[in-house]
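Quick one: sequence plus predicted model below, questions after.
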Amino acid sequence: EDLLISDHAADNKISQHSAGGVIVYGKNGQPIKAKTKNQKLLVECSETNDIVFAVGPAGTGKTYTAVALAIRALKAKLVKKIILTRPAVEAGEHLGFLPGDMKEKVDPYLRPLYDALDDMLPVEKLNFLITNRIIEVAPLAFMRGRTLDHAFIILDEAQNCTTTQLKMFLTRIGPSAKAIITGDLSQIDLPGHQKSGLRKALNILAPIDGIGQLYLTAEDVVRHRLVKEIIKSYDQADELDQAERLKEREAKDLARESTNVSNQDKL
């Protein structure tokens, strides 16, 4: 049995997937679709670019949609494997090689990726694909030194990558690979002295042909109806905080200028 082939004939042809907005069929035969305008744009962006940045708040379906696209590509034999990765910030990304207990230690950081896979593939197929390294789920630190080719690669939580880490990842992508990088710039967990590499990448890579950028908003939230309102409230509070900090800086600058003028008058 080919464990990549679903019992649903529509899984074998991308053209059929596209009908009705279906990306792929889940483990129980349920159609998995892009539900919002920006999720649909993410699907289109992935089809026309080799590398896509999908940025937006939690609950907008960016990771889930990316995983569905990866499984679709694998089933259609457009790629030979799927690689899912994210920075293990809480573990400091200094994981090294931990024989025996490595999987146990890093799995908590990768659990959201496993959850998406589990929703789309029957357990026996998923176990087969992971055991045979056709689907690989690993911390970002394990990508160093590799060339990631003939693969659909998803880097999740990219806002927690430093500039060095994100550059390392992007320069590992092989000529026959596709990649989706997801992130939420409002949830940066890096230590205070480190800046998010995602923000810089979005700025400097925007002009490059073949690299797409897609921004999701609170309107794309597909979790509990209150999550959308919660995100909007926090966004509004952040805007007020930024405005207040700007006023404080301007007041300090004005006070500093006044002090300088006063000192010059005394001279």
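Perfect, I can see it now.

Gln187 against Asp156, yeah?
No. Using C-beta atoms under 8 Å as the test, Gln187 is too far from Asp156 to be in contact (11.8 Å). Any C-beta I mention is one placed from the backbone N, CA and C, and that applies to glycine too.

Which one's more surrounded, the two?
Using other C-beta atoms under 10 Å, the more surrounded residue of Gln187 and Asp156 is Asp156, with 25 against 12.

The residue most central in space within the chain: helix or strand, and which one exactly?
In the chain, the residue lying closest to the centroid (C-alpha atoms, centre = their mean) is Thr182, at 1.8 Å. Following DSSP states H and E, the helix or strand that holds Thr182 is strand 178-183.

What lies in contact with that strand?
Residues from elsewhere that reach strand 178-183 (C-beta atoms under 8 Å, 6 or more residues apart in numbering): 42, 46, 50-55, 62-63, 66, 69-70, 73, 79, 148, 151-160, 166, 169-170, 173, 196, 198, 201.

For ChimeraX, write the select line for the buried members of those residues.
Buried residues among those (16 or more other C-beta atoms under 10 Å), as a ChimeraX selection:
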select :42,46,51,52,53,54,55,62,63,66,69,70,73,79,148,151,152,153,154,155,156,157,158,159,160,166,169,170,173,196,198,201
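
among the contacts of strand 178-183, which are in strands?
Under the assignment DSSP state E, the contacts of strand 178-183 contribute Ile51, Val52, Phe53, Ala54, Val55, Ala151, Phe152, Ile153, Ile154, Leu155 to strands.

if you skip the residues just before and after it, what's nearest to the last one?
Once its chain neighbours are removed from consideration, Leu155 has its nearest residue in Ile181; the separation is 4.6 Å (C-beta to C-beta, 6 or more residues apart in numbering).

if we can go back for a sec, so can I have CSV of the ones in strands among the contacts of strand 178-183 showing distance to Leu140?
As requested, those are exported to CSV (distance: C-beta to C-beta, whole Å):
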residue, distance to Leu140
Ile51, 16
Val52, 18
Phe53, 16
Ala54, 17
Val55, 17
Ala151, 15
Phe152, 16
Ile153, 11
Ile154, 11
Leu155, 7
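
Which pair of those residues spans the longest distance?
Farthest pair in the ones in strands among the contacts of strand 178-183 (C-beta to C-beta) is Val55 and Ala151. Separation: 22.0 Å.

quick one, what contacts Leu140?
Contacts of Leu140 by C-beta under 8 Å, 6+ apart are Thr85, Arg86, Pro87, Ala88, Glu93, Leu155, Cys161, Gln165, Phe169.

the helices in the stretch 1-150 of the chain, which residues?
14-18, 37-48, 62-75, 102-120, 123-131 (DSSP state H, counting those that start in this stretch).

these two touch, right, Leu166 and Arg199?
No. In this structure Leu166 lies outside contact range of Arg199 using C-beta under 8 Å: 9.9 Å.

Pick out the least confidently modelled helix or strand of this structure, by mean pLDDT.
Using mean pLDDT, DSSP states H and E, the weakest-scoring helix or strand in the chain turns out to be helix 14-18, at a mean of 46.

quick one: the closest residue to Leu74 other than its chain neighbours from Ile130, how far?
Nearest residue to Leu74, sequence neighbours excluded (C-beta to C-beta, 6+ apart): Ile82, at 5.6 Å. Distance of Ile82 to Ile130, computed by C-beta to C-beta, to the nearest Å: 10 Å.

which residues do those two both contact?
Jointly contacting Ile82 and Ile130 under the rule C-beta under 8 Å, 6+ apart are Glu136.

Of the two, which one has the most company?
Neighbours were counted for Ile82 and for Ile130 using other C-beta under 10 Å; Ile82 has more, 23 against 16.

Can you list the low-confidence ranges for the protein?
1-20, 89-107, 109, 223-225, 228, 260-267 (pLDDT under 70).
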